[in-house]
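**Student:** Just the structure for this:
(one chain, ligands or ions: 1)
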Amino acid sequence: MANAEKLDNSKLVYEMRKSFLDNKTGKISALMKEMKNIPAEDRADYGKSVNELKQWALEHFEELDKKMKEKELQLRYQAEKQDVTMPAKMRYEGNLHPVTQMRETLIDIFAGMGFEIYEGTEIENDYYNFTALNTPKDHPARDMQDTFYLSPEFLLRTQTSSGQIHVMENSKPPIKILSPGKVFRSDDDATHSPMFSQMEGLVVDKDITLCDLKGALELFVQKIYGEGTTTRLRPSYFPFTEPSVEVDCSCFACKGKGCNLCKGTGWIEVLGAGMVNKKVLENCGIDSDEYSGFAFGIGIERTAMLKYGINNIKLLFESDLDVLKQIDHYE
Ligand code: PHE
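**Tutor:** Below is the predicted model of the structure:
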């Protein structure tokens with residue numbers, strides 16, 4: 001057994017064992033076969049010695065085999081050791097586009113206030129996009145929205161406000177809808193794109209006032225731009241609301257002190273809104289003495305641009321992954 005130290009794996013142990021203990025070819029069975037050449041009087045002693053040797057070898061190899069297997073198991077454990085505290089490999093996952101995320105966030109906010117979704121159509125006729133919204137032909141307010149006409153009657157809607165008319169024609173108050181969708185205007189610069197998305201809100205019920213509008217919008221700006229954000233209403237003009245307001249929120253970047261984002265004013269313009277013009281209610285067969293309502297129109301890209309600090313609307317449409325990855329759209 002002089003070589004036992006060299007046995008460093010269980011296969012070698014097995015082979016060595018075989019070379020000693022194999023019934024046919026083993027060294028010990030060769031010793032047994034020598035028996036016939038041993039003088040008769042010595043045979044008993046010889047046989048006993050060989051048997052003792054065999055017994056010793058059996059035990060020795062068994063022990064060696066056990067040790068070797070244990071050692072190999074430990075080596076395997078060592079090699080296959082897993083560090084469960086290691087940080088996982090980073091995997092890039094697809095994300096929803098920031099505009100889609102903003103759209104869904106807005107829907108969640110207003111759904112939480114009980115608004116239902118009405119999705120209108122992108123092709124509208126002149127009546128729903130303009131006339132019913134108190135903007136008849138030749139009305140100067142039509143110039144506010146440069147329109148893509150498909151024919152003298154049909155056009156690509158310039159505003160989701162057209163949805164207001166469809167909803168009011170088809171349902172009775174109380175009405176509380178949110179109408180997200182694409183709108184189109186022949187307008188193209190750093191902050192305007194010929195196609196963009198709006199989210200219209202319309203509430204019609206008894207005793208709806210401007211305070212209800214302000215309350216709903218205050219909740220909206222707080223959810224989007226952070227607690228403590230407030231709103232202010234400035235007089236404005238839309239043909240389909242009276243009074244009309246431009247809604248500003250206090251600058252969430254400088255908390256109203258004045259910075260680049262708010263151009264030093266402490267306020268940021270976020271959307272247009274107002275009380276539904278009585279003429280519009282009447283156009284849809286709703287008694288304007290009994291009911292009143294408010295409406296607002298949020299630009300979804302504009303809200304995303306403000307929130308993520310993007311100054312060129314094109315960045316939202318070019319789908320450049322390097323740009324999109326920089327937009328931190330996770331809260
Ligand atoms: N439709 C208006 C626009 O696109 C926004 C608006 C909606 C204003 C509802 C008042 C009420 O500019």
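
**Student:** any idea where the helices of the stretch 201-331 of the chain begin and end?
**Tutor:** Using DSSP state H, counting those that start in this stretch, the helices of the stretch 201-331 of the chain run over 210-225, 278-283, 300-308, 321-326.

**Student:** Take those and write them to CSV, including mean pLDDT and mean neighbour count.
**Tutor:** Just so you know, the C-beta spots here come from the backbone N, C-alpha and C atoms, and that holds for glycine as well. Putting those into CSV (pLDDT from 0 to 100; neighbours: other C-beta atoms under 10 Å) gives the following:
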stretch, mean pLDDT, mean neighbour count
helix 210-225, 96, 18
helix 278-283, 97, 18
helix 300-308, 93, 21
helix 321-326, 82, 11
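
**Student:** now those as CSV including distance to the ligand?
**Tutor:** Listed next are these as CSV, based on distance: least, C-beta to the nearest ligand atom, whole Å:
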stretch, distance to the ligand
helix 210-225, 10
helix 278-283, 10
helix 300-308, 11
helix 321-326, 26
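
**Student:** Arg91 versus the residue of the stretch 51-200 of the chain found nearest the ligand, what's the distance?
**Tutor:** Nearest residue of the stretch 51-200 of the chain to the ligand: Gln159, at 3.6 Å (C-beta to the nearest ligand atom). Per C-beta to C-beta, to the nearest Å, Gln159 is found 41 Å from Arg91.

**Student:** Which one's more surrounded, those two?
**Tutor:** Higher neighbour count among Gln159 and Arg91: Gln159, with 24 against 5, using other C-beta atoms under 10 Å.

**Student:** Ignoring the adjacent residues along the chain, who's closest to Gln145?
**Tutor:** The spatial neighbour of Gln145 that comes closest, neighbours along the chain excluded (C-beta to C-beta, 6 or more residues apart in numbering), is Thr158 at 4.0 Å.

**Student:** number of nearby residues for the one you found?
**Tutor:** By other C-beta under 10 Å, the residues close to Thr158 number 22.

**Student:** Equivalent analysis for Asp289, please.
**Tutor:** By other C-beta under 10 Å, neighbour count at Asp289 equals 8.

**Student:** tell me which residues of the one helix or strand Lys66 maps to are tucked away?
**Tutor:** Assigned by DSSP states H and E, Lys66 belongs to helix 40-79. For helix 40-79, the buried set under the neighbour-count rule, 16 or more other C-beta atoms under 10 Å, comprises Tyr46, Val50, Lys54, Ala57, Phe61, Leu64, Asp65, Met68.
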